[in-house]
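**Student:** generate a structure from the sequence data that follows.
(one chain, ligands or ions: 1)
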Amino acid sequence: MNATTQALLDLQVLEFAKETRNRIRRRRERACRAVARLRRRIPIQVLREYDTRKRRFGSNSLVPVEGDICSGCRVALSRRTLHDSSVRPTECEHCARLLYNPTRRRRLRLEIYGVPMPLELAG
Ligand SMILES: [Zn+2]
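**Tutor:** Numbering: from 1, shown residues only. Purely as a prediction, here's the structure:
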C-alpha cells in the first residue's frame, strides 16, 4: 500500500469513526445553542439590522470606530455618528456597516443587552 492510499484510508477511518462524528456533531450543537442564546438577548430590531448587513459584509457587519473613522470603509465619521456609536450600534453614513465605539464599550454593552456583554463576545 503506498503512502497516498494509507493516508486516504486513515482519513476515511477518522472521518467515519463514530466517536469523531459524534464529537463533531456535539461541537456543532453547542455552537448552535450559543448562537440561539445570544440572539435571544439582542433586541429584534438590532438583529434585523445585523442580519441584513451579514449578506453583504459577512463578518465585518459590525465594526469598530478607530479614532474618528469607520474601520470598515476607512472614511471619517460625523460627530453625530461618533456619538451615537458610543451608545448603540449605529449605521456608518458611508458604507452602511454597523459601528460601535470600543473606547466606550461597557456603556454600549449595557445599552444593547442590559447586562455586560458575555465573555465569548468581549475582547
Ligand atoms: Zn463605513
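**Student:** got the domain ranges for this structure?
**Tutor:** Taking automatic domain parsing as the reference, the chain has its domains at 1-41, 42-116.
**Student:** tell me which parts of this structure are close to the ion?
**Tutor:** With C-beta under 5 Å from the ion as the criterion, the chain meets the ion at residues 70, 72-73, 92, 94-95. Every C-beta, even on glycine, is put in place using the N, C-alpha and C of the backbone.
**Student:** can you tell me which of the domains of the chain is most buried?
**Tutor:** For the domains of the chain, the largest average neighbour count (mean count of other C-beta atoms under 10 Å) is found in domain 42-116, namely a mean of 15.
**Student:** returning to that earlier point: in TSV: the domains of the chain, plus mean pLDDT.
**Tutor:** Putting the domains of the chain into TSV (pLDDT from 0 to 100) gives the following:
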stretch	mean pLDDT
domain 1-41	87
domain 42-116	87
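**Student:** tell me the gap between whichever strand in the chain runs longest and the middle of its chain.
**Tutor:** The longest strand of the chain (DSSP state E) is strand 62-66. Mean-position distance between strand 62-66 and its chain equals 12 Å (C-alpha atoms, centre = their mean, to the nearest Å).
**Student:** tell me the strands beside it, with direction?
**Tutor:** Taking DSSP bridges as the criterion, strand 62-66 forms sheet pairs with strand 69-70 (antiparallel), strand 98-100 (parallel).
**Student:** ok, residues contacting it?
**Tutor:** Contacting residues not belonging to strand 62-66 are listed as 50, 53, 70-72, 77, 82, 85, 89, 92, 97-103 [C-beta atoms under 8 Å, 6 or more residues apart in numbering].
**Student:** and it, C-alpha only, in CSV?
**Tutor:** Provided in CSV are the C-alpha atoms of strand 62-66 (Å, rounded to 0.1, in the frame of the first residue of the first chain):
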residue,chain,number,x,y,z
LEU,A,62,-20.4,45.2,12.9
VAL,A,63,-17.1,47.1,13.0
PRO,A,64,-15.3,49.3,15.5
VAL,A,65,-14.7,53.1,15.2
GLU,A,66,-11.0,53.7,15.1
